[in-house]
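> What follows is a protein structure lacking sequence information:
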């Protein structure tokens, strides 16, 4: 059987601190896999390892049977992994549409000189990119914000725009870093629907870091609990929540 | 307020936003074509303005769109100027070849300068480009075989395909043509993936990277393109000043270019031109003020008493003839703009336009900058 995504014995040291300590998990195609854990458990660090912002000290990352542990960061999007950020890393002085079009960068085929002269080929490619971006805009209901600058948008909308930008790369695996952080209860419910739609309608596998347990139990197939960079347990949301070690990690004792 | 009704995606790919905007540009071009008739005595100043417009555009690509601030752009201008003059006057190659060589050579140098930019950010990069500019100026000094060293080098009037561009108005149209060409090329880049990649690097390197932007490639590309434009401007500049000497391409000129993009408005192509208007015409205004201000001051104070009037005249006169006055005024204006109008002339213009288009509803908060705590930790 082929591997969709697998982290194998992932380790990273920051000086004397071992932030991620031998984390192994596997994500199957088409599922929603969630990583939970208290603050500082190393959840976002795992994301940064997968998107290759950090270099793993040890361990392997496998995506579609290919070792991506040492692939340069800008190649990750081309392999089909897109991500969002916990605190939103949008291009703030650009419009929503421009942000989404940048999401199409991994599919760029035009050359510099062709762009310099804006040849008909470039125009055709631009129109194709635009169409792909518009599909995502329709999917996530962002029509009203298409031409607004990010700086003028409320936080909740920015979260959705960031997800839209990730979807524009046409990923096979979508990494969502705390999709509900900073959102109201209502917006979080909306987010749950969208994550389900992304999985069922677009067929994209979702790997998510999340704190909001209502969102976690609503959408995830499997949950991995971490503490101090070490995995505690993998299972369904209910199993993980009732696991004594997980309760201890969150509440102490 | 006017809303644009869009019916096709192609509409967003045009050079102009709508027919109204296009008509304004046509009007601007028409007045540019009429200027030789209207203000013949200022033609050389306006030619310089157009060359500065190209320089501003060059630095705008780098500082305004890619977010890499350079204090070494006068060096690129110098390399372009010397390369062009060497190719045309020493190698006796056609004029247009000189321009191409100037552009390609400066782009290559820009690429080399851009490589350290991959490791340095912010003020460190700026210092590195400053050091580069100082080194290049020393090269101009020492490499007498090519540059003529401190003795300088006289530049002939441009002759393109046998046609002489010796008159002021012919050179004016030559500069205008190159300015329009530069704006067209840059606009093309900015509406395609390359331009968007540059903007993404400016706003969030980390997000750019995860979207598939190769930071190394696009940063060096921005440096190379910016330097290449500067090389073309340098070729024209050499004819404008008519005599090349190393001290022309000093750090002060680099600072003027930076002033241009900041005063004009970072991150807008219009801003490059507004800034150029400002920087090219301010010295003209200052030199006129040098003569008239002491007289005015003397006359005003002279209403009180003749002795006081004469004293004021000579005091003000002595003050305005101080040698460091011009850079001082430039510096002061730069500081004032950064403090009170970080978006530059373009930003002020955008605010005024918005004020009138949504008349009773304008609020200052629309343009207030976002608080920094919303940004995530930068991962480095």
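Good, I have the coordinates. Small disclaimer: the values here were computed from a predicted structure and weren't measured.
> show me what contacts residue B:274?
B:263-265, B:344-346, B:349 (Cβ atoms under 8 Å, 6 or more residues apart in numbering or on different chains). Bear in mind the C-beta positions are built from the backbone N, C-alpha and C, glycine included.
> What are the buried residues along stretch A:126-143?
Taking 16 or more other Cβ atoms under 10 Å in any protein chain shown as the neighbour-count basis, stretch A:126-143 is seen to contain the buried residues A:126, A:129-130, A:132-134, A:136-137, A:140, A:142.
> Name the residues that touch it?
Taking Cβ under 8 Å, 6+ apart as the rule, stretch A:126-143 contacts A:96-97, A:100-101, A:103-104, A:107, A:146, A:157, A:160-161, A:163-164, A:167-168, A:170, A:194, A:197, A:201-202, B:9-10, B:12-13, B:191-193.
> Give me the subset of the contacts of residue B:274 lying in helices.
Of the positions in the contacts of residue B:274, B:263-264, B:344-346, B:349 sit in helices, assigned by DSSP state H.
> Let me have those in CSV, extended by distance to chain A and neighbour count.
Conversion of the ones in helices among the contacts of residue B:274 to CSV gives the following (distance: Cβ to the nearest Cβ, whole Å; neighbours: other Cβ atoms under 10 Å in any protein chain shown):
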residue, distance to chain A, neighbour count
B:263, 18, 27
B:264, 16, 31
B:344, 14, 26
B:345, 17, 21
B:346, 13, 23
B:349, 17, 16
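> Which one of the residues you listed is nearest to residue B:235?
For those, the minimum distance to residue B:235 (Cβ to Cβ) is 22.7 Å, reached by residue B:264.
> I'd assumed residue B:56 was in contact with the closest one.
Yes - using Cβ atoms under 8 Å, residue B:264 is in contact with residue B:56, at 6.3 Å.
> tell me, what's touching those two both at once?
Overlap between the neighbourhoods of residue B:264 and residue B:56 consists of B:271-273, B:275-276, taking contacts as Cβ under 8 Å, 6+ apart.
> quick one on the thing from earlier: are any of the contacts of stretch A:126-143 buried, and which?
For the contacts of stretch A:126-143, a burial check counting by 16+ other Cβ under 10 Å picks out A:96-97, A:100-101, A:103-104, A:107, A:157, A:160-161, A:163-164, A:167-168, A:170, A:194, B:12, B:191-193.
> and those, which of them are in helices?
Residues of the buried ones among the contacts of stretch A:126-143 located in helices (DSSP H): A:96-97, A:100-101, A:103, A:157, A:160-161, A:163-164, A:167-168, A:194, B:193.
> Can you pick out the most distant pair from the residues you listed?
Checked with Cβ to Cβ, those reach their widest spread between A:194 and B:193, with 26.8 Å between them.
> ok, how many other residues are close to residue 209?
The chain I'm using is chain A. Neighbour count for residue A:209, taken as other Cβ atoms under 10 Å in any protein chain shown: 24.
> try again with chain B
Close neighbours of residue B:209, defined as other Cβ under 10 Å, add up to 22.
> dump the residue contacts of it.
If a contact means Cβ under 8 Å, 6+ apart, then residue B:209 has A:51, A:53, A:73-74, B:215 as its contacts.
> Span of stretch B:136-154 from start to end?
The separation between the terminal residues of stretch B:136-154, taken as Cα to Cα, to the nearest Å, is 20 Å.
> Which positions within it qualify as buried?
With burial defined by 16+ other Cβ under 10 Å, the residues of stretch B:136-154 counted as buried are B:136-137, B:139-140, B:147-148, B:153.
> repeat for stretch B:163-175
The neighbour-count check on stretch B:163-175 (16+ other Cβ under 10 Å) flags B:165, B:170-175 as buried.
> For it, which outside residues touch it?
Residues external to stretch B:163-175 that are found in contact with it (Cβ under 8 Å, 6+ apart): B:35-36, B:40, B:43-44, B:46-47, B:50-51, B:157-160, B:236, B:239-240.
> Make a PyMOL selection of the buried ones in these.
Written as a PyMOL command, the selection of buried residues from the contacts of stretch B:163-175, which uses 16+ other Cβ under 10 Å, is:
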select buried, chain B and resi 35+36+43+46+47+50+51+158+236+239+240
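> Take the contacts of stretch B:163-175 and keep only those in strands.
Counting by DSSP state E, the contacts of stretch B:163-175 place B:159-160 in strands.
> tell me the SS of residue A:34?
The assignment at residue A:34 comes out as strand when based on DSSP: H, G, I helix; E, B strand; the rest coil.
> who touches it in this structure?
Residue A:34 neighbours (Cβ under 8 Å, 6+ apart): A:207-210, A:216, A:219-220, A:222-224, A:237.
> What about chain B: which of those residues touch it?
The subset of those within reach of chain B, by Cβ under 8 Å from any Cβ of the partner chain, is empty.
> Export those residues as JSON lines, with columns for secondary structure.
Supplementary listing: these in JSON lines, determined by three-state DSSP:
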{"residue": "A:207", "secondary structure": "strand"}
{"residue": "A:208", "secondary structure": "strand"}
{"residue": "A:209", "secondary structure": "strand"}
{"residue": "A:210", "secondary structure": "coil"}
{"residue": "A:216", "secondary structure": "helix"}
{"residue": "A:219", "secondary structure": "helix"}
{"residue": "A:220", "secondary structure": "coil"}
{"residue": "A:222", "secondary structure": "strand"}
{"residue": "A:223", "secondary structure": "strand"}
{"residue": "A:224", "secondary structure": "strand"}
{"residue": "A:237", "secondary structure": "helix"}
